[in-house]
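J.: This is the structure alone, sequence omitted:
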């Protein structure tokens, strides 16, 4: 598994970061803290099994998080609500998820299709803009090709 060296500078204007297909097993928190304006992060097709709270805490403006094709077996929505309050798109396709906490389905603006059929295309979105408290404003949650 690959790992990233510590960042040598702060990228205060960086809005999009694509680290897909790099065999990453972990993402150092220092990388996310070095890009405070990050809006879109693509970590698809790596070897990630979790995202620690310290990593998520460095991305408060993130709206899109792509995690498809990794090794996630579970995903806790409370970590997202605590650290990614602006997240509208979450992709967890092609992981090893066998269930999702009920909280994913209680979030406002969140309509998901967790068929787990492996046929793809199970995206769903909502254009509603209401939200409350610490709930995520998810508009799109992709869960296809898991074991749900």
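T.: Nice, I can see it. None of these values were measured; they are calculated from a predicted model.

J.: how near is the spatially closest residue to residue 84 that is not a sequence neighbour to residue 54?
T.: Nearest-residue entry for residue 84: residue 62, 5.2 Å, with adjacent residues in sequence omitted and distances by CB to CB, 6 or more residues apart in numbering. Where C-beta positions appear, they are placed from N, C-alpha and C, glycine not excepted. Between residue 62 and residue 54 the distance is 14 Å, computed by CB to CB, to the nearest Å.

J.: Any stretches of this structure with poor pLDDT?
T.: Scanning the chain for pLDDT under 70 picks out 1-8, 105-134.

J.: Show me the strands in it, by range?
T.: 16-18, 40-42, 64-66, 89-91, 140-142 (DSSP state E).

J.: Tell me which of the ones you listed is the most buried.
T.: Most buried of the strands of the chain, by mean neighbour count (mean count of other CB atoms under 10 Å): strand 140-142, with a mean of 23.

J.: Now do that strand: which elements does it pack against?
T.: Contact analysis of strand 140-142 by 3 or more CB pairs under 8 Å, 6 or more residues apart in numbering; DSSP states H and E lists strand 89-91 as its packing neighbours.

J.: Give me the distance between residue 102 and residue 78.
T.: 12 Å.

J.: Tell me which of these two has more neighbours.
T.: Per other CB atoms under 10 Å, whichever of residue 102 and residue 78 has more neighbours is residue 78, with 11 against 8.

J.: Verify the stated contact: that one with residue 103.
T.: Yes - Residue 78 lies in contact with residue 103 (CB atoms under 8 Å); the separation is 6.9 Å.
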